[in-house]
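1. Fold the following.
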Amino acid sequence: MGNGTLSAPIDIFDLLMHALPVTILILKLLFQKKDTE
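-> Numbering: from 1, shown residues only. Next comes the predicted model:
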């Protein structure tokens, strides 16, 4: 890291775009487990 401030917002945006589907997937699995119990 340490490329300067210009790369930081892009890294955060890229991270969010990759983390969002994973978070939704985990939430779906958690809700499915709640329904089955």
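2. any idea which residue sits dead centre in this protein?
-> In the chain, the centroid-proximal residue (CA atoms, centre = their mean) is Ala19; its distance is 1.7 Å.
3. give the contact list for that residue.
-> Listed by CB atoms under 8 Å, 6 or more residues apart in numbering, the contact set of Ala19 is empty. Backbone N, C-alpha and C define where each C-beta goes, glycine included.
4. how far does the one helix or strand it maps to sit from the chain's center?
-> Per DSSP states H and E: Ala19 is located in helix 7-36. Chain-centre distance of helix 7-36: 3 Å, with CA atoms, centre = their mean, to the nearest Å.
5. list the buried ones in it?
-> Within helix 7-36, no residue counts as buried by 16 or more other CB atoms under 10 Å.
6. pLDDT on that helix, on average?
-> For helix 7-36, the mean pLDDT works out to 86.
7. what's the distance between stretch 26-37 and the middle of its chain?
-> 18 Å.
8. Pull it out as PDB, backbone CA atoms only.
-> Extracted C-alpha coordinates of stretch 26-37, given in PDB (Å, rounded to 0.1, in the frame of the first residue of the first chain):
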ATOM      1  CA  ILE A  26     -23.500 -14.800   4.200                       C
ATOM      2  CA  LEU A  27     -26.700 -12.900   5.300                       C
ATOM      3  CA  LYS A  28     -28.800 -15.200   3.000                       C
ATOM      4  CA  LEU A  29     -27.200 -18.300   4.600                       C
ATOM      5  CA  LEU A  30     -27.800 -16.900   8.100                       C
ATOM      6  CA  PHE A  31     -31.400 -16.200   7.400                       C
ATOM      7  CA  GLN A  32     -31.900 -19.700   5.900                       C
ATOM      8  CA  LYS A  33     -30.400 -21.200   9.000                       C
ATOM      9  CA  LYS A  34     -32.900 -19.200  11.200                       C
ATOM     10  CA  ASP A  35     -35.800 -20.400   9.100                       C
ATOM     11  CA  THR A  36     -34.800 -24.100   9.400                       C
ATOM     12  CA  GLU A  37     -34.300 -24.000  13.100                       C
END
